[in-house]
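J.: Here's my sequence, what's the structure:
(one chain, ligands or ions: 1)
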Amino acid sequence: MPRPSYGERAKNQKNPLAQGFLELMERKQSNLSVAADVSSKAELLELANVLGPYICLFKTHIDIVEDFDQDLVDQLTALAKKHDFFIFEDRKFADIGNTVRLQYEKGVYHIADWAHITNAHPIPGPGIITGLASAGVPRGRGLLLLAEMSSAGSLATGTYTQSTIDMALAHPEFVIGFVASRRLTDQADFLYMSPGIGLDVKGDGHGQQYRTPAQAIEGGSDVVIVGRGIYGPGKDRVAEAKRYREASWAAYLTSLE
Ligand code: 6AU
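T.: Just a heads-up that it's a prediction; the model follows:
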């Protein structure tokens, strides 16, 4: 069965953040997210500036940046406006609600103030969602739950994945979707973001497992997350970003037929 387009889904979306993101994907014709796992401010901003035109979402691990400061956030936010992408801080929160709220809002990074999207492990139960939502909803942010993981031997399978879906369904005001390898439910229109994507290699020697963009999109993914496949050693990152964007968008267009 053909799937509805991102634009059509945007019209029926009740969550404003998810709606804005689907509109952005349609407008920009990109379902590619770059996973910017780099450890310097200059490198992070360089990636955002050079790859910004090709992506819908810039994914950060802000705690690996060795020279983090508020200016990094200000510049990244300006680049997000200039190139029209959203920012996803891949924080993978995993504690009780009260603690994650503090980690999300306070500390060095003040993630809730600048990241459109963040993510959380469902392992503590629904309190992790309400804790994060108390800081995220007033700021118009969105949360992804890690329903599955791309790494070999992941424990996020079976009833764990099913319970994650149930937790998401109970919190439509904040949960916009999942980190997962495939579409998980038709009970609500969630966004599915898939890491573990590579066109050239199958793994990284540390448990990561790669599939192609086409495999992910065929399985119902909406956003393909690519890190080292774009900027790994010896790569022409702009050429690779274009290649991954084209492969991912072509697979999306096929899914509409
Ligand atoms: O393409 P890579 O392997 O260089 O990078 C993949 C990126 C990394 C991981 O922290 C992240 O995707 N990731 C996640 C996310 C996005 O939450 C979940 C997962 O199961 N696997 C995974 O690789 O930044």
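J.: Please work out how many residues are found near the residue in the chain that the ligand sits nearest to.
T.: Nearest to the ligand, among the residues of the chain, is residue 227, at 2.5 Å (CB to the nearest ligand atom). Bear in mind the C-beta positions are built from the backbone N, C-alpha and C, glycine included. Residues lying near residue 227 (other CB atoms under 10 Å) number 21.
J.: now swap in residue 167 and tell me
T.: Residue 167 is flanked by 17 other residues according to other CB under 10 Å.
J.: One more: residue 140?
T.: Using other CB under 10 Å: residue 140 sits among 11 other residues.
J.: Kindly report the same for the one 10 residues further on.
T.: Counted with other CB under 10 Å, the burial measure for residue 150 works out to 19 neighbours.
J.: any idea how far it lies from residue 198?
T.: Separation of residue 150 from residue 198 (CB to CB, to the nearest Å): 10 Å.
J.: Now do the shared contacts for those two.
T.: Overlap of the contact sets of residue 150 and residue 198 (by CB atoms under 8 Å, 6 or more residues apart in numbering) consists of residue 210.
J.: host element of the nearest residue to residue 190 once chain neighbours are set aside?
T.: Excluding the flanking residues, the one nearest residue 190 by CB to CB, 6 or more residues apart in numbering is residue 177, at 4.0 Å. Using DSSP states H and E, residue 177 sits in strand 175-179.
J.: now for the helix or strand following that strand, which elements pack on it?
T.: Following strand 175-179 in sequence order, the next helix or strand is strand 191-194 (DSSP H and E). Here strand 191-194 touches helix 16-28, strand 175-179, strand 223-226, going by 3 or more CB pairs under 8 Å, 6 or more residues apart in numbering; DSSP states H and E.
J.: switch to 6 Å and redo it
T.: Helices and strands touching strand 191-194, by 3 or more CB pairs under 6 Å, 6 or more residues apart in numbering; DSSP states H and E, are strand 175-179, strand 223-226.
J.: Those strands into CSV, with extra columns for mean pLDDT and mean neighbour count?
T.: Listed next are those as CSV, based on pLDDT from 0 to 100; neighbours: other CB atoms under 10 Å:
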stretch, mean pLDDT, mean neighbour count
strand 175-179, 98, 27
strand 223-226, 98, 28
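J.: Return the residues of the stretch 51-200 of the chain in contact with the ligand.
T.: Counting by CB under 6 Å from any ligand atom, the stretch 51-200 of the chain comes close to the ligand at 61, 90, 119, 146, 149, 150, 151, 179, 195, 196.
J.: Name only those of those that count as buried.
T.: Buried by 16 or more other CB atoms under 10 Å: 61, 90, 119, 146, 149, 150, 179, 195, 196, out of these.
J.: can you tell me which of those are in strands?
T.: Among these, the members found in strands (DSSP state E) are 90, 119, 146, 179.
J.: out of the residues you listed, what pair is the most spread apart?
T.: Within these, two members stand farthest from each other by CB to CB: 90 and 146, at 9.8 Å.
J.: Could you confirm whether the lengthiest helix in the chain reaches the ligand?
T.: The single longest helix within the chain, with elements called by DSSP state H, is helix 237-255. No. Figure legend: helix 237-255 not in contact with the ligand (CB under 6 Å from any ligand atom); closest approach 10.0 Å.
J.: How about residues contacting that helix?
T.: Contacts to helix 237-255, defined as CB atoms under 6 Å, 6 or more residues apart in numbering, come from residues 3, 30-32, 51, 54, 213-214, 217, 224, 226, 230-231.
J.: same thing with stretch 99-110?
T.: By CB under 6 Å, 6+ apart, stretch 99-110 touches 62, 93, 111, 112, 128, 131, 132, 134, 135.
J.: The last one: helix or strand, and which one exactly?
T.: Translated: residue 135. Using DSSP H and E, residue 135 maps to helix 127-136.
J.: Point out the other helices and strands that that helix packs with.
T.: Packing partners of helix 127-136 (3+ CB pairs under 6 Å, 6+ apart): helix 97-105.
J.: So for the helix it packs on, what gets flagged as buried?
T.: Neighbour-count burial for helix 97-105 [16+ other CB under 10 Å]: 97, 100, 101, 103, 104, 105.
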